[in-house]
Structure formats: C-alpha cells, structure tokens
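> can you look at this prediction? I've put the sequence above it.
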Amino acid sequence: MVFIRTPTTTNKTLYIHINPNTTTLNSLKHQIQLQTQIPIPHLNFLLPQNSQNQNTLFLSQLNITNNSTLTLNIPLLGGMQAPVPPKPRLDFLNSKPPANYVAGLGRGATGFTTRSDIGPARAAPDLPDRTAGAAAAGAGGGAGRGKGGKGGDDEDEDESEEKGYDENQKFDEFEGNDVGLFASAEYDEDDKEADAVWEEIDKRMDSRRKDRREARLKEEIEKYRASNPKITEQFADLKRKLVTLSAEEWESIPDIGDYSLRNKKKRFESFVPVPDTLLEKARQEQEHVTALDPKSRAAGGAETPWGQTPVTDLTAVGEGRGTVLSLKLDRLSDSVSGLTVVDPKGYLTDLKSMKITSDAEISDIKKARLLLKSVTQTNPKHPPGWIAAARLEEVAGKIQAARQLIQKGCEECPTNEDVWLEACRLSNPDEAKAVIAKGVKRIPNSVKLWMQAAKLEHDNFTKRKVLLKGLEHIPDSVRLWKAAVELCNEEDARTLLGRAVECCPLHVELWLAFARLETYENARKVLNRAREKLPKEPAIWITAAKLEEANGNTSMVGKVIERGIRALQREGVVIDREEWMKEAEAAERAGSVATCQAIVKNTIGIGVEEEDRKRTWVADAEECKKRGSIETARAIYAHALTVFLTKKSIWLKAAQLEKSHGTRESLDALLRKAVTYRPQAEVLWLMGAKEKWLAGDVPAARAILQEAYAAIPNSEEIWLAAFKLEFENHEPERARMLLAKARERGGTERVWMKSAIVERELGNIEEERKLLDEGLQRFPSFFKLWLMLGQLEERLGNLDKAKEVYEAGLKPCPSCVPLWLSLANLEEKTNGLSKARAVLTMARKKNPKNPELWLAAIRAESRHGNKKEADNLMAKALQECPTSGILWATSIEMAPRAQHKSKSSDAIKKCSPHDPHVTTAVAKLFWRERKVDKARSWLNRAVTLAPDIGDFWAYYYKFELQHGTEENQKDVLKRCIAAEPKHGEKWQAISKAVENSHQPTEAILKKVVVVLGKEESALENNDQ
C-alpha cells in the first residue's frame, strides 16, 4: 500500500494497493488517473531521484516501499482553483425504463394513478419473498442474500451492481433501507444465538416494566373515562332511580320528538317563479261572484259542478305550517315535563349586571326575550322564567312591561314567594303594599313575605303589628320572633320571648335572650326549663355560670360548670376541648372571669395524654397570650401549677405573664408561692428581689435576698445580686463587705471583677491593681481581668506597661478579640498605623473569619486616609465573611452615593433580611434621602430584631428627634428603657465609663445620641 498526498488541490491523502517491487511509476499514475480523473501529464511527484526514465522504473528502485507517502504536485491552470473533472453522466438516464418499473419501489413505495393518467394504473409486480431470494442465492454459489434469484442472468447482475441495490428486494420494516448493509452476510449459529439472547433480554426488561406500564395505562384509561364519560355512565344514577317511579309517573312522561335519520334527510327545495295559473286561481278565490253558473242554474242551483270546487286557501296553509313548527320548537325546548332546557335562574344573575351599550346587545336582548317567552309559554308554572323575563324588561328600560310580566307570573305561580317579592320590588311604593298584601293572602306561611311587608312600613309600631300578624300564621318562625323582639321595649320583649320559647322550644338563642331579660330568680327558672327542653346544649350551662357570677355567687360558678359537663357526658355529648377553650375566651371578653377559670379548670385536661400535659398546656397558654386572652392564659398556668408544683419553667412563664400583664402585687404573690415550692430556684428569688427594687422597696429586696441566701447559701448569683442592690443604691461599703465575704468563700472570677469595679469607682487605684493581680493569678484565662488591668495602666499613662499587659493577656487568651483590638488601638496611638496593621494582621491569622478584626483594620486605614487600601481590605473581608452584617453595613456607608442601592440589595441577599446591622444601614440611607416613613419603618425593625443593642435605639431616638412628634419620641424612649440594652459599640463605651456607672438608661441614650451627632458633623466636615 502506498499513500498519495495532494496538497495543492483538495489536501487529501489517497491510498492505493500496489506492490512497489512489481509496479512502475507509469502504472501508478494510471491508477491515480482512474481515481482522481486528473490527466497523467499533470501528475508530478516530488521524488528524491531525478532521472529522465523515471516512468519505466519500479517504485522500489525509487526508494518507495510499502506504507510510503508520495507528494503529488498538480499545477493550477486557469485561475486560483484546481480544475474540476466533469461528472460522468449515468447511462440509465438516457435509456427507457423497463416495462414493470415503478419509481421508488426499492424503498417501499407503491405506484398510484391520478386522473391525468391515461389508462389503468400499473400494479406492482409480484416480487419474490426476501427470505426465498436469500435461500436461492445461498444455493446458487455463495451469492449474498440481497441478490436476485436468477444467478445466470449476467445482465441483471451487472445492473444491480451498478445501482448498488436490488430493486426487486422488498422493503424491510425493521431495518429500513439499511438492510442492504448486511445483505451479503451469512446467517450462522452465532447470529441465531445472539438473536435468542437479545430476545430473552427484551422479554426480561418487558416483564420488569410490565406492572408499572399496566398501572400507568390503567391510570390513563381511568383519567380519560373520567374526563370523557359515556352517556350511559352519566345517566346511570338516574336509571337506578327509575325503579322508584310509579305507573302513573311512567304514563306522565311525554313522548320525545322523532329524531331518526329518515326525518333528518335534507329535502330538496327548488325555488321557481309562480305560474300564472296559480296566480289566476288565487285571484278567482278572492272574487265575490253574485250570479250562479249557467250549469248550476240548469240544475236549479242545488248542486255545484265538479270544475267549480274552490281551491284550498294558500294563506291558511302557511299559517298552519307556522303553527306546526312552533309546536315542534316548544316540544324541543321542553323535553321533560316541568323541566325546561333554558335555565332561567342563570338569566337572573346575568341580568343584574347587564347594560345596553350597543346594537349588538339590543339584538341579544331580543333573542333573550324570545327565548324567555318560549320558557314562560311552554312552562308557565316555572317561577324563575317569569322573574328572568321581568328583569330582562327592566334592564331594557321597559319597567311597565316588566310589571305586566311579573303580574302574569303572580297569576300563574300564586304560591311562589319569590315571584311576589319580585313583583313587590318592581311595583311603585304606593302599590307595593297592596302587592305584598295579595302575596301574604295567597301564601300566609311565607316568612319572607311577612318580613318584606314589615320592611315596607315606616314606623316601629306598624312594623311590629305586621310581624305579630305574621306570627299568628307562623308561630314557629324564629326569624319573625327575633325581628318582633328587636322592635319592642324591655317589658314587651320579655312578654314576647315568653311566648316565643313556648312556640319555639328548641331554639337556644330565644331561651338565652329570655333569661337575660328576667330577674335573677326568674332567669334561673328559665334556664332550668331550657335545660329540660335542650339537655345537650352546653351554652345553657355556660349562661347559668355567668348568671351566678354576675350576681356575686362565684362559689357556684365552678359547681355549675362541673355539673354541666357531667350532665352533657351522660347525654352522650362529646366534650371538645378546643371548643370549650374558645368559650372560655368568649367568657373572658364578656367580663366573666370566674366562668372562664371554671371552664379552663374542668376542660383543660380532657383528651390530653398524661405525658403531653405540660407541653400542651404551656402551648395553649402562649396561644391565648398572643390572642390577648390574658385571664384564660393565667387560668391555664394556675391549673398547670396545681399539677406540676415543682416545675420551674411553668413558674417562670407564669411570672413573666404577671410581669407583662399583671400587677406588682400579683407578681409578688406568685413569686412568693413559687419559692415556697421551688426554694432552690435562684432565678425566682432574684426576680422577686428585682421587682421589689424596681418598685423602690429596697429593704424588702434585701429581705428576699437574705431568705434566698438562707435557702441557697453557696449561690454566687445571690451574692452578686446583693452586691448590685447595694452598689446601685450608693452603698459602696456594704457592697465591698459582701464581695469580701464572697471572695473568702471562694468566689469565681466574676466576684473578683466586681470587686475591682467597686474599687475603681471609689478611686482606690492600688487596691484595684491588687485585686486584679490576685484575680489574674487565680484565673489567668479570664480576659476581662486583663482588659481592666490594661485600661487601668492606660488611664494612668503607663502605655508601655499597658502594652505588656495586653501582650501577656493574649498568651492565655489568643482568641480574645477585645484584647487584640485594645492592643491595636494602643499601637496606633503610640507607634502609628504600621504597628497597628501588624497587630491586626496577626490577630486575623490567629482568629480567621472574624468580622470584628476585619472591621477594625478597615477603620484604621480609613482614619489615615488610605481609602484604596480600605476598599481592598473590605473586598477581602466580604470574601472571607460573606454573611457578616457589620461588614456589609460598613460597606454600604463606604460606597459612593450611586452604589448605595446596589450595595444594599447585595447586603440583603447575602445576609438574611433580618440582620439588624444591614437594616440600620438601609434605614440611614432612607434617612439621608428624606424618606421619613421608610426610615422609621426600617429603624423600628432594627430595634425589634436586636433590642439589646443600644446603638440602634440611639439612631432611632435621634431620628425621632429630627423628624418625629413628641409622642413618637416618648414612645421610643419608653421602649428603650423597657428593653434595657447592654451592648453596642457606642453604647458600651459610654455606659461602662467610670463617670456613667450609675446613670439610668435614659441618660445613657441621650449621651449616645450626642456622640452620634458629633460623629456625623465630623464626617460632613471631612467630606467638604
């Protein structure tokens, strides 16, 4: 094999099977010419040897071996493109097709004949079967399966080879036209085995998918049948009901019209001019003859000649046909007796919103009028048809026609109250009373008509008179009784209700209304009678309990509810706990607190498992608290505490409820009771002492703490609470004494810290340093002691010693961020930005992903005017801490004004929408843009999300000072005092200063606002 490369033309490589030892160069060129159609003179090879007789040399003599590659150089003649050899024209295109040739038969097409063809269509020839041809070919000397059956016909064989396929071969439905690819292959045992294996695999896969496929098919069939039901299925329920019909009902079913195909055949109608003979006969029929015919006179005028018989009147024939047609239409529109195909009720709703605005709508009204006319004629006893027809005329503006129609409807349907009500509505005010009077005469038991009659009257006396007249006919109508009672005074109402409960003894509302109007003794009797008539009605027992509570018999309330629940259970009534809880809340809203408590006590445990009682009752109380049902929640906690006397969590929740919605006395009583059952609960003692302190009763708070210390002698929380009480009430000596005792008893690091704070406030520097040193020897890992010692040295001006303290503190506390920040601030003051930058870099290495350290570094660069470096640090910080709210808030403030909106959007997406720092930053943007309402809303959201951060309260209060009213300012101040914030960058810096140690929350808030104002002014000056 030799490879030929032609770079100058198609840049393709040819391969030719030759033997280089026996093939000359000239023979190679001839073969190349046969494949490429390039003339031999244009075939030039780039050979290593250059000789004149190269064409006669063998290829091996030219150093060409097997698998060698020759480069063929072809000159480009006549332009930039190589000459394209002409395509040889196929011979069969110029020859006549065979007699039985059908175009496309080889790919499965079938011949057909159109009208333009002459003669009958040529049928497809009978072709031999494919398998038979294959068998014959196999027997004929190894020919492929795709060959024809006649192996000796050389001409046909050559033609098949030239076409590349056998036109007599049948089209294979599975393999298509590709069956010829394997036509010459032999089908052996391996093929048979492979087909068997694949068939087994197909069967196996089909069986695995069978259940799922059948289920899906069944589901699709059911879905299709549900959406496309058969007529028999639609009327199956009606067919089953036919067994209940009597013989008379069967006979009353009308016959349906004839809908056979025979009568539906369209008649051929021809329209031709009327002949003169017909016109003449018509003229003669209209003539009046005053003389007898001569033939008739000959007979004495007693007989009429045969030719003188008058022709049938054509006008009468036309009228008769019209009558028959109308009867047929009526039968079609009323196929079942009493039921019409047209739905008049649909027109009643459509006509209410109908307005005539165009000619098309006028045409629609005409059609509707004809249709409703057909309805009223075919079924005149159908009231909705008359009402719809009348309303149609009303919409069309023909009020008089509407009144006439509805009057006919009243005549046809005198026992239908809707028709009379419609007639009353359409009538004049003067005639309406007369119409409704006729209606109540025809239907004296119609509540609607009596109510309408009362409504037409103008004074209460006449209305009550009408209603009482109606009650004479309908004494059991609760609606009429209620309407009549509402129009009476108290005395008359009591009399009417006495009669009403006799006529309607099973209506509980009448009984309860009657009991409310009676005196205490009579009301009890009324309720007892009601209980006898309605033994399964819980509202009667609840009303009885409310009655006892209203008359001061609170001791009877619980007994009544308890007795009522037992009675209802005897009657088989299921006590629904949720419904009774709703009744308890309703009783609370009505002011019946004792009834509410009794209901809760007797029903709170019904249907609750013993192990779920605590969780369920606490959840019920919290839900009631959210809905504002405080007494119900208090009753639930009270009952829960009778069952779980020693559960501290329930005592705490009850105390929180009393603190939020109760009085100081109730809270004190509850806490006293709580510490009786749980004397070891520190938080209950501390809560009681704090409430006494906040109330201004310091001696009582001391007494509670003394009792707490007696109950829990080794409690550090009790010691610290006692210290705080004395310290906040300006008793430093007593506070020092308490802390000294606590230190002697082996107090924790908090005791040492509080002791140092007391000495710092008293100005005892040496004693403060001594306590801090002793505390650090005992607790070297407590970072607050290191901070206090370092701050002490800074206050004294010993900056180097303060630096040593901070560095010493970072050894046992390398993850303490406040120590790193204090050291960085000190380095920035003493040695400049570079040292502070190094400290913060080291801090970030020791504490990765800490947003506070990143923020300190960014602010340090900003303070020294390195805005670009600050922006770079901010980008790195947001990559390391992408969800940090303080970083995003600072990024929003640092961004240019044009980027504020996009930065805010990114911050809200990256952080949660509930991050208070981002919320405050967005609020400040609205504040600057003078969008007061939005700024107020976002600041309120921030203080709601983080009420413990004082900086947010300061921003909110400052905003209200600028844009709010005095009422808003007081509200923010009140909420801030209630929240008692302890954290915040600006807040802690001011609240923990020595001079502000005893300042109240209000004073600290105002000082923080002043600091914020100064910072804002400084920023504005820098921008200018």
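On my side now, so go ahead.
> from here on, just use CA atoms for contacts and neighbour counts.
OK.
> after the helix or strand Glu548 falls within, which helix or strand is next?
Assigned by DSSP states H and E, Glu548 falls within helix 538-550. Moving toward the C-terminus from helix 538-550, the next helix or strand (DSSP H and E) is helix 554-570.
> keeping just the C-alphas, turn the next helix or strand after that next one into CSV.
Downstream of helix 554-570, the next assigned helix or strand under DSSP H and E is helix 577-589. Written as CSV, here are the backbone C-alpha positions of helix 577-589 (Å, rounded to 0.1, in the frame of the first residue of the first chain):
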residue,chain,number,x,y,z
ARG,A,577,-61.6,20.7,74.4
GLU,A,578,-60.8,23.3,71.7
GLU,A,579,-64.4,24.5,71.6
TRP,A,580,-64.6,24.9,75.3
MET,A,581,-61.3,26.9,75.3
LYS,A,582,-63.0,29.2,72.8
GLU,A,583,-66.0,29.5,75.1
ALA,A,584,-63.6,30.4,78.0
GLU,A,585,-62.0,33.2,75.9
ALA,A,586,-65.5,34.4,75.0
ALA,A,587,-66.4,34.5,78.7
GLU,A,588,-63.3,36.5,79.4
ARG,A,589,-64.2,39.0,76.7
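> so which bits of the helix holding Glu548 are buried?
Residues Pro538, Ile540, Trp541, Ile542, Thr543, Ala544, Ala545, Lys546, Leu547, Glu548, Glu549, Ala550 are the ones in helix 538-550 that count as buried (16 or more other C-alpha atoms under 10 Å).
> need the contact partners of that helix.
With contacts defined as C-alpha atoms under 8 Å, 6 or more residues apart in numbering, helix 538-550 is touched by 508, 512, 520, 524, 527, 530-531, 554, 556-558, 560-561, 564-565, 568, 587, 592, 594-595.
> the inter-axis angle of that helix versus helix 577-589?
Helix 538-550 runs at 30 degrees relative to helix 577-589, counting by axes from the mean of the first three to the mean of the last three C-alpha atoms, to 10 degrees.
> and helix 538-550 with helix 554-570, angle?
Computed by the same axes, to 10 degrees, the angle separating helix 538-550 from helix 554-570 equals 170 degrees.
> any idea how far Asn968 is from Gln400?
Between Gln400 and Asn968 the computed distance is 64 Å (C-alpha to C-alpha, to the nearest Å).
> tell me which helix or strand of the chain sits lowest on mean pLDDT?
Across the helices and strands of the chain, mean confidence by mean pLDDT, DSSP states H and E is lowest for helix 130-139: a mean of 39.
> so which bits of the biggest helix by length in the chain are buried?
For the chain, the helix reaching the highest residue count under DSSP state H is reported as helix 1001-1023. Neighbour-count burial for helix 1001-1023 flags Thr1001, Ile1004, Leu1005, Lys1007, Val1008, Val1009, Leu1012 (criterion: 16+ other C-alpha under 10 Å).
> quick one: the spatially closest residue to Ala584 that is not a sequence neighbour from Thr603, how far?
Among residues not flanking Ala584 along the chain, Cys596 sits closest, at 4.4 Å (C-alpha to C-alpha, 6 or more residues apart in numbering). As for Cys596, its distance to Thr603 is 11 Å (criterion: C-alpha to C-alpha).
> how about Lys909?
Distance, Lys909 to Thr603, by C-alpha to C-alpha: 48 Å.
> neighbour count winner among those two?
Thr603 (20 against 11; other C-alpha atoms under 10 Å).
> please tell me how far that one sits from Pro41.
Counting by C-alpha to C-alpha, the gap from Thr603 to Pro41 is 117 Å.
> check Leu792 too.
Taken as C-alpha to C-alpha, the span from Leu792 to Pro41 is 109 Å.
> what of Trp420?
Using C-alpha to C-alpha, Trp420 is found at 116 Å from Pro41.
> likewise for Glu509?
Relative to Pro41, and taking C-alpha to C-alpha, Glu509 is found at 122 Å.
> for the two, indicate the residue with more neighbours.
Each of Glu509 and Pro41 has its neighbours counted (other C-alpha under 10 Å); Glu509 has more, 14 against 8.
> measure the more buried one to Thr495 for me?
Noted for Glu509: a distance of 16 Å to Thr495, by C-alpha to C-alpha.
> got it, and Ala640?
Counting by C-alpha to C-alpha - Ala640 and Thr495 are separated by 46 Å.
> same question, Thr244
To Thr495, Thr244 is 50 Å away according to C-alpha to C-alpha.
> how about His914?
Distance, His914 to Thr495, using C-alpha to C-alpha: 63 Å.
> equivalent analysis for Ala388, please.
The value you get for Ala388 to Thr495, if C-alpha to C-alpha is used, is 43 Å.
> looking at these two, which is more packed in?
Ala388 (27 against 14).
> who are the packing partners of the particular helix or strand that has that one in it?
In this structure, Ala388 is located in helix 383-395 according to DSSP H and E. Secondary-structure packing of helix 383-395 (3 or more C-alpha pairs under 8 Å, 6 or more residues apart in numbering; DSSP states H and E): helix 344-350, helix 359-378, helix 399-412, helix 417-426.
> now that helix, how far from the centre of its chain.
43 Å (C-alpha atoms, centre = their mean, to the nearest Å).
> state the mean pLDDT of it.
Taken as a whole, helix 383-395 has a mean pLDDT of 86.
> kindly report the same for stretch 747-767.
For stretch 747-767, the mean per-residue pLDDT is 83.
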